[in-house]
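K.L.:
Just the structure for this:
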Amino acid sequence: MYYITTAIDYTNGPPHIGHAYEKVLADVLARWHRMKGEEVYFLTGVDQHGQKVQQTAEKLGITPQEHVDNITARFLALWERLGISYDGWAATTDPRHKACVQKILTSLKDKGQLYKKSYRGFYSVRQEQFLTDKERDEDGNFGPEWGDVVELEEENWYFRLADQAEWMKQFVEKSGSFVLPAFRKAEVLNAIERSFDADLCISRPKERLSWGIELPFDPDFVTYVWFDALINYVSFAGYLAEPGSGLPEFSRLWPADCEVIGKDILVPAHGVYWPAMLHAMGFSDEEMPTLLVHGWWNINGEKMSKSIGNVVDPNLLVEEFGPEPVRYYLVRDITTGKDANFDADRLVMLYNTELANDLGNLCNRSINMTRRYCESVLPAPGEYDDDASKALRATMDQAVVQFSRFMDENMVSDALAALNAQVSACNAYIEQQQPWQLAKDEASAPRLGCVLRHLLECCAQTGYLIGCVLPGASSRILEQLNADSLFQGLTPSVLAWGVLPAGHRINDPAPVFPRILSEEEKAKLAEKAAKAAKKQG
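P.N.:
Numbering: from 1, shown residues only. Okay, the predicted model is just below:
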């Protein structure tokens, strides 16, 4: 079982492009592992508790539950539009999650891992955490990333985070898979040095925050939002679930093969708090999850921010360009783990160039020529087989291997680049072989049949592989090739030349990737249509 999760999105505001990228990336990886024949469980969801939710609800004059329900609906609607194929939905107000959190809290208290004390310090309202002097800049001030910072003195419950320091350091140093990409490992090790000089406050007094999961052993307090939210990865996987809960069997899922998170929540939350919590709960080194840490989409080199006003709304992108161009751009123009600059012009350019002009045109030309020259029937293999055709078979085989390797390494952009290189090779093969000229000479029929066989086979294999990124487009390509059933039961590891049999009949072509037109192009088409209508009238 391949278990993949994402960060759960905080329901104090609508989704932005960063949310969309993370879920599309996880969806592509989940679909890839399904293509490989693996059983997959894909979990995503929403983080619904916390002080900011309570404050926003009060300003709106509604209950916190009404507020999070409204925001949650917007996330769900976007995931449907983008075709996110999740299997499980995590919502932290779910009674099953609450029960799991309270069981864990009780167990940790019984083990002596939780204690109560009074503390005075500076508190970030935005991040909902107490700060230390390490968060101050060289002038002694807390930076703008912390938002409003207030001084508080209050009694709270604490988790013995410091008890996990030595284990954490040894575990992260020796682990080769806890944090991916590997260059993020240094960040976690640095965070361990900074984070274990104090224990973690895991509660908030109800007099200040009532919107949260109540501590089962002290009803005057609710659970700190991170200690609540992180547990979703195990609670909705069936950890400590009651019989008949409708949740999966935990032993089949855990440890998570891939927890997809943004770099901003790697430390301290996922890279320090989460493994420390799991270890204190009794999980072994072998039972720690793998964190896949992605970068940010920036605008002109700056992180997207509501205060700056440069946040990109993915719903508007889908309305303007459609879900497939958005899905493609989000995983094509960013290297997994690195940052990238969002650019709508590049979205259009990549879609029009790599999909509409290259892959779409290849499929359309190949199917049209087969229909015109061979009455839509795939020619039988003949004696003709030149070096160019042998080379195309070799590059197709290589593209399958490269695509599979990059996808296994979570490097979706590189995988797509491998497919694009093969599409370019196919288009160059067409120009070299010139099937429209071969069709004029009956003596060239064996060579023409060889060319068309090679083109259709490459279209079929490419159309199949791209299905984890663009499932709709993949279905349209395979439908036109009448090849849907031919790939059933196949996996990329056994994909080999010759999927399309001799005598196979293909269907009529239709544009798979309609070009995205500029406003100028739209105006010219409208003008042309108006002239034609006037002429007919």
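
K.L.:
and W226, what is it in contact with?
P.N.:
When contacts are counted by CB atoms under 8 Å, 6 or more residues apart in numbering, W226 touches E128, Q129, A269, Y273. C-beta: built from backbone N, CA, C; applies to glycine.

K.L.:
Please name the nearest non-neighbouring residue to the third one.
P.N.:
Pointing back at A269 there. W226 (5.4 Å; CB to CB, 6 or more residues apart in numbering).

K.L.:
Just the CA trace of the helix or strand where V234 lies, in CSV.
P.N.:
Using DSSP states H and E, V234 falls within helix 232-235. What follows is helix 232-235, C-alpha atoms only, in CSV (Å, rounded to 0.1, in the frame of the first residue of the first chain):
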residue,chain,number,x,y,z
ASN,A,232,-4.4,13.9,11.2
TYR,A,233,-1.8,11.8,9.3
VAL,A,234,-2.4,8.9,11.7
SER,A,235,-6.0,9.6,13.0
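
K.L.:
circling back to that earlier point, and the contacts of W226, which is closest to D9?
P.N.:
When the contacts of W226 are compared for distance to D9 (CB to CB), A269 wins out at 14.1 Å.

K.L.:
Give me the neighbour count for that closest one.
P.N.:
Counted with other CB atoms under 10 Å, the neighbours of A269 add up to 19.

K.L.:
and if you look at A30?
P.N.:
Neighbours of A30 using other CB under 10 Å come to 27.

K.L.:
Let me see the contact set for the closest residue to N232 other than its chain neighbours.
P.N.:
Closest residue in space to N232, ignoring its immediate chain neighbours: A90 at 4.3 Å, by CB to CB, 6+ apart. Residues near A90 by CB under 8 Å, 6+ apart: I8, L43, T44, G45, V46, H97, N232, S235, F236.

K.L.:
ranking those residues by neighbours, who comes first?
P.N.:
Busiest of the contacts of A90 [other CB under 10 Å] is F236, holding 29 neighbours.

K.L.:
which residues does it contact?
P.N.:
Per CB under 8 Å, 6+ apart, neighbours of F236: L43, G45, G88, W89, A90, D94, R96, H97, L247.

K.L.:
Mind doing that once more with 7 Å?
P.N.:
By CB atoms under 7 Å, 6 or more residues apart in numbering, the residues touching F236 are L43, G88, A90, H97, L247.

K.L.:
do the same with Y86
P.N.:
Neighbouring residues of Y86 by CB under 7 Å, 6+ apart: F42, L43, T44.

K.L.:
With adjacent residues omitted, what lies nearest to the first one?
P.N.:
By that I understand F42. A30 (4.1 Å).

K.L.:
can you check L478 too?
P.N.:
D484 (4.9 Å).

K.L.:
What helix or strand is the residue nearest to A269 located in?
P.N.:
helix 225-229.

K.L.:
State the helix or strand in which the spatially closest residue to D199 that is not a sequence neighbour lies.
P.N.:
Spatial nearest neighbour of D199, chain neighbours left out: Y158 (4.3 Å); criterion: CB to CB, 6+ apart. Using DSSP H and E, Y158 maps to strand 149-159.

K.L.:
which residues touch that strand?
P.N.:
108, 113-125, 131, 142, 199-203, 205, 215, 218, 221.

K.L.:
Give the buried subset of those as a ChimeraX selection command.
P.N.:
To isolate the buried members of those in ChimeraX, using 16 or more other CB atoms under 10 Å:
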select :108,113,114,122,123,124,142,199,200,201,202,203,205,215,218,221
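
K.L.:
so of the contacts of strand 149-159, which ones are in strands?
P.N.:
If you go by DSSP state E, the contacts of strand 149-159 have 114-124, 131, 200-201, 203, 205, 215, 218, 221 in strands.

K.L.:
Just the buried positions in stretch 248-257, please.
P.N.:
Neighbour-count burial for stretch 248-257, counted by 16+ other CB under 10 Å, picks out P248, L253, W254, P255, A256, D257.

K.L.:
now it: how far from the chain's centre is it?
P.N.:
Distance of stretch 248-257 from its chain centroid, counting by CA atoms, centre = their mean, to the nearest Å, is 20 Å.

K.L.:
Could you do stretch 503-513 as well?
P.N.:
31 Å.

K.L.:
I'd like to know how far the residue nearest to N232 sits from E187.
P.N.:
Going from A90 to E187 by CB to CB, to the nearest Å gives 25 Å.

K.L.:
Ok, T353 next?
P.N.:
Note on T353: its distance to E187, by CB to CB, is 35 Å.

K.L.:
How about R515?
P.N.:
R515 is 42 Å from E187, by CB to CB.

K.L.:
go on, G262?
P.N.:
13 Å.

K.L.:
count of residues packed around the residue nearest to L478?
P.N.:
Neighbourhood size, D484 [other CB under 10 Å]: 13.

K.L.:
swap in P95?
P.N.:
8.

K.L.:
For it, give me its contacts.
P.N.:
No contacts exist for P95 under CB under 7 Å, 6+ apart.

K.L.:
Same question for the one 10 residues further on.
P.N.:
The neighbours of L105, taking CB under 7 Å, 6+ apart as the test, are L114, L215, P216, T223.

K.L.:
now do A399
P.N.:
Counted by CB under 7 Å, 6+ apart, A399 has contacts A418, L419, A421, Q422.

K.L.:
Per-residue pLDDT of it, please?
P.N.:
pLDDT for A399: 98.

K.L.:
That one sits in which helix or strand?
P.N.:
Assigned by DSSP H and E, A399 falls in helix 387-408.

K.L.:
helix, strand or coil for R447?
P.N.:
helix (DSSP: H, G, I helix; E, B strand; the rest coil).

K.L.:
Please, which helix or strand holds the nearest residue to it once chain neighbours are set aside?
P.N.:
Excluding the flanking residues, the one nearest R447 by CB to CB, 6+ apart is Y384, at 4.9 Å. In this assignment (DSSP H and E), Y384 forms part of neither any helix nor any strand.

K.L.:
per-residue confidence at V272?
P.N.:
So V272 comes in at 97 (pLDDT).

K.L.:
swap that for N310, please
P.N.:
In this model, N310 carries a pLDDT of 88.

K.L.:
quick one: it from K524, how far?
P.N.:
32 Å.

K.L.:
swap in V326?
P.N.:
From V326 to K524 the distance is 25 Å (CB to CB).

K.L.:
One more: Q129?
P.N.:
Look at Q129 and K524: by CB to CB, they are 56 Å apart.

K.L.:
now swap in W436 and tell me
P.N.:
Applying CB to CB, the value for W436 to K524 is 28 Å.

K.L.:
just D110 next, same as before
P.N.:
The spacing between D110 and K524, counted by CB to CB, is 74 Å.

K.L.:
how about the helices in the stretch 201-350 of the chain?
P.N.:
225-229, 232-235, 250-253, 274-281, 314-321, 323-332, 344-350 (DSSP state H, counting those that start in this stretch).

K.L.:
Most tightly packed of those?
P.N.:
Across the helices of the stretch 201-350 of the chain, averaging neighbours per residue (mean count of other CB atoms under 10 Å) puts helix 232-235 on top, at a mean of 26.

K.L.:
Packing partners of that helix?
P.N.:
In terms of contacts (3 or more CB pairs under 7 Å, 6 or more residues apart in numbering; DSSP states H and E), helix 232-235 is packed against helix 95-110.

K.L.:
for the helix it packs on, the distance to its chain's centre please.
P.N.:
With CA atoms, centre = their mean as the basis, the mean position of helix 95-110 lies at 29 Å from the chain mean.

K.L.:
Using PDB, write out the CA atom coordinates for that helix.
P.N.:
Below are the C-alpha coordinates for helix 95-110, written out as PDB (Å, rounded to 0.1, in the frame of the first residue of the first chain):
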ATOM      1  CA  PRO A  95     -15.300  13.300  16.000                       C
ATOM      2  CA  ARG A  96     -13.100  10.400  15.000                       C
ATOM      3  CA  HIS A  97     -10.100  12.700  14.900                       C
ATOM      4  CA  LYS A  98     -11.000  14.300  18.200                       C
ATOM      5  CA  ALA A  99     -11.200  10.900  19.900                       C
ATOM      6  CA  CYS A 100      -7.800   9.900  18.500                       C
ATOM      7  CA  VAL A 101      -6.200  13.200  19.700                       C
ATOM      8  CA  GLN A 102      -7.600  12.800  23.200                       C
ATOM      9  CA  LYS A 103      -6.400   9.200  23.400                       C
ATOM     10  CA  ILE A 104      -2.900  10.300  22.400                       C
ATOM     11  CA  LEU A 105      -2.900  13.100  24.900                       C
ATOM     12  CA  THR A 106      -4.100  10.800  27.700                       C
ATOM     13  CA  SER A 107      -1.400   8.200  26.800                       C
ATOM     14  CA  LEU A 108       1.400  10.800  26.700                       C
ATOM     15  CA  LYS A 109       0.300  12.200  30.100                       C
ATOM     16  CA  ASP A 110       0.200   8.700  31.600                       C
END
